[in-house]
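Participant: Test case, fold it:
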Amino acid sequence: MQNQMTHSPEAVCKNVAAYDAAIHCSLQLAKTCTMPGYETYLPSEANLKQAQNVMAYIHAEECLEEEITECGEATVEIHKQLNQLNAPVICQGGSSIGKK
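Facilitator: Alright, predicted model coming up:
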């Protein structure tokens, strides 16, 4: 049996219905094991599902930020290369112009 720590946000996003059903089942089981009068201390199903969605959303934002950073670095490298190509031949380095 696996716990929630072994499931990535991607897995949750791909199987939302299954995870929603698992939340429902888990809460139903918890209710049967909870002494009368203490059921109100259990989390609500809606709050657990919302927390599941927020967790996946935060992970998606982190991935997007990482992608933007990587793309930004690649863009800077491309600009450096383009600037080098736009430089006069004499300034590009490795040129044998004017050398004997």
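Participant: In this protein, where is pLDDT below threshold?
Facilitator: The model of the chain has pLDDT under 70 over residues 1-7, 87-100.
Participant: Quick one: the helices in it, in order.
Facilitator: For the chain, applying DSSP state H gives helices covering 9-14, 16-33, 45-86.
Participant: Buried deepest among those, which one?
Facilitator: Compared across the helices of the chain, helix 9-14 shows the largest average neighbour count, a mean of 14 (mean count of other CB atoms under 10 Å). (Each C-beta comes from the backbone N, C-alpha and C, glycine too.)
Participant: Residues in contact with that one: which ones?
Facilitator: With contact meaning CB atoms under 8 Å, 6 or more residues apart in numbering, helix 9-14 is reached by 19, 52, 55, 56, 58, 59, 60.
Participant: Can you show me the CA trace of it as PDB?
Facilitator: Provided in PDB are the C-alpha atoms of helix 9-14 (Å, rounded to 0.1, in the frame of the first residue of the first chain):
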ATOM      1  CA  PRO A   9       1.000  16.100  -8.400                       C
ATOM      2  CA  GLU A  10       1.100  15.000 -12.100                       C
ATOM      3  CA  ALA A  11      -0.300  11.600 -11.000                       C
ATOM      4  CA  VAL A  12      -3.000  13.400  -9.000                       C
ATOM      5  CA  CYS A  13      -3.900  15.700 -12.000                       C
ATOM      6  CA  LYS A  14      -4.200  12.700 -14.300                       C
END
